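Trainee: Compute the structure for the input listed below.
(one chain, ligands or ions: 1)
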Amino acid sequence: MSLHGAQLSYGPRTLWDGLSLDIAAGEFLAVLGANGSGKTSFLKVLLGLAPLSAGTVMIDGAPAQRGHRSIGYVPQHKNFAPDTALRARDLVGLGVDGHKWGVRIRGRAYNQRVDGLLAQVGATPYAKIPVGMLSGGEQQRLRIAQALASNPRVLLCDEPLLSLDLHHQKAVSALVGEQAKANGTAVVFVTHEINPILEHVDRVLYLADGRFTIGTPAQVMRTEVLSELYGTRVEVLHSNGRIVVVGAARVDGHAAQEVVPS
Ligand SMILES: Nc1ncnc2c1ncn2[C@@H]1O[C@H](COP(=O)(O)OP(=O)(O)OP(=O)(O)O)[C@@H](O)[C@H]1O
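Mentor: Numbering: from 1, shown residues only. Down below sits the predicted model:
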């Protein structure tokens, strides 16, 4: 997956410009930045849903386009309607490659694949419950299982940890990290909070006020680098293996994160 000289503007506002980036197979890229900095728009470009204003974007050797077969996508969380007539395992089944097994053919391979995915996200106990009756976090785990189902070459995740408790944040992060390393999936993971995924992240793309910086977490998550990016003093503190960005409220969008753990 690669972008070359990429620019995205909406009217007079440029979200980013001159963005060139190769994301290798097996690489885990975290996309960070304040509300409105263009994280979701970055994913939309990769999905072929938002055209670049300049530059090129290639996915798996072809220009980004809607419905690309190589892509698994975990959209930003929205709850299913309470009366959605789809059981948890059916939702995950929709992600299993229909070209191999067919959605209607519930053969052994299909069932084994769905069972394995449900187990991986800890969803086995509620496999037969309609999705609209599940909690936000339970629904989110199913969406992740669905996105992984086709063993995609590229996995795009938009704030997938938001409605998860700490235990499931860790489990899902590990699952996505393993998908990258064991299966060579290139992962782009949009998040406000780097700490739950820190051990899996290879590089960070940090967006701010129409500018960006790219590098390893150690290169990017530094006081000098983020202060330069924001054009204002931002402190990056390292405490008990956690990274805390302290600065103006607009810096990372979550005021609560700006409290240094004691
Ligand atoms: N289709 C569009 N037309 C015009 N402006 C848009 C469009 N899509 C997004 N924007 C604007 O671009 C900016 C970036 O939006 P985006 O959703 O990418 O931000 P984000 O970094 O994902 O934010 P958040 O953390 O709040 O989810 C916002 O100011 C948004 O209003």
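Trainee: going forward, measure contacts and count neighbours with C-alpha atoms only.
Mentor: Will do.
Trainee: Now whatever residue of the stretch 101-250 of the chain ends up closest to the ligand. Nearest residue, chain neighbours left out?
Mentor: Closest to the ligand within the stretch 101-250 of the chain is residue 192: 7.0 Å, counting by Cα to the nearest ligand atom. Across the structure, with Cα to Cα, 6 or more residues apart in numbering as the measure, the residue nearest residue 192 apart from its sequence neighbours is residue 32 (5.9 Å).
Trainee: need the strands for this structure, in chain order.
Mentor: Remark: strands of the chain, listed N- to C-terminal, are 2-10, 13-22, 28-33, 54-59, 62-63, 71-74, 154-158, 186-190, 203-208, 211-215, 235-239, 242-246; assignment by DSSP state E.
Trainee: I'd like the ones you listed as TSV, with mean neighbour count appended.
Mentor: Written out in TSV, the entries for these read as follows (neighbours: other Cα atoms under 10 Å):
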stretch	mean neighbour count
strand 2-10	18
strand 13-22	16
strand 28-33	24
strand 54-59	18
strand 62-63	14
strand 71-74	22
strand 154-158	23
strand 186-190	27
strand 203-208	23
strand 211-215	17
strand 235-239	16
strand 242-246	19
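Trainee: and the ones you listed, which one's lowest on average pLDDT?
Mentor: Comparing mean pLDDT across the strands of the chain, the weakest is strand 62-63, with a mean of 88.
Trainee: Could you chop this protein up by domain?
Mentor: 1-70+152-216, 80-149 (automatic domain parsing).
Trainee: Comparing the ones you listed, which yields the minimum mean pLDDT?
Mentor: Across the domains of the chain, the lowest-scoring stretch is domain 80-149, with a mean of 86.
Trainee: just how off-centre is that one within its chain?
Mentor: Computed by Cα atoms, centre = their mean, to the nearest Å, the chain-centroid distance of domain 80-149 equals 19 Å.
Trainee: Going by residue numbers, what spans are helices in the stretch 51-200 of the chain?
Mentor: 88-95, 98-101, 108-120, 136-148, 166-183 (DSSP state H, counting those that start in this stretch).
Trainee: From the contact counts, what lies against the first one?
Mentor: Same thing as helix 88-95. helix 108-120, helix 136-148 (3 or more Cα pairs under 8 Å, 6 or more residues apart in numbering; DSSP states H and E).
Trainee: Turn those helices into JSON lines, columns for mean neighbour count and distance to the ligand.
Mentor: Compiled in JSON lines, those are given as follows (neighbours: other Cα atoms under 10 Å; distance: least, Cα to the nearest ligand atom, whole Å):
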{"stretch": "helix 108-120", "mean neighbour count": "17", "distance to the ligand": "27"}
{"stretch": "helix 136-148", "mean neighbour count": "24", "distance to the ligand": "16"}
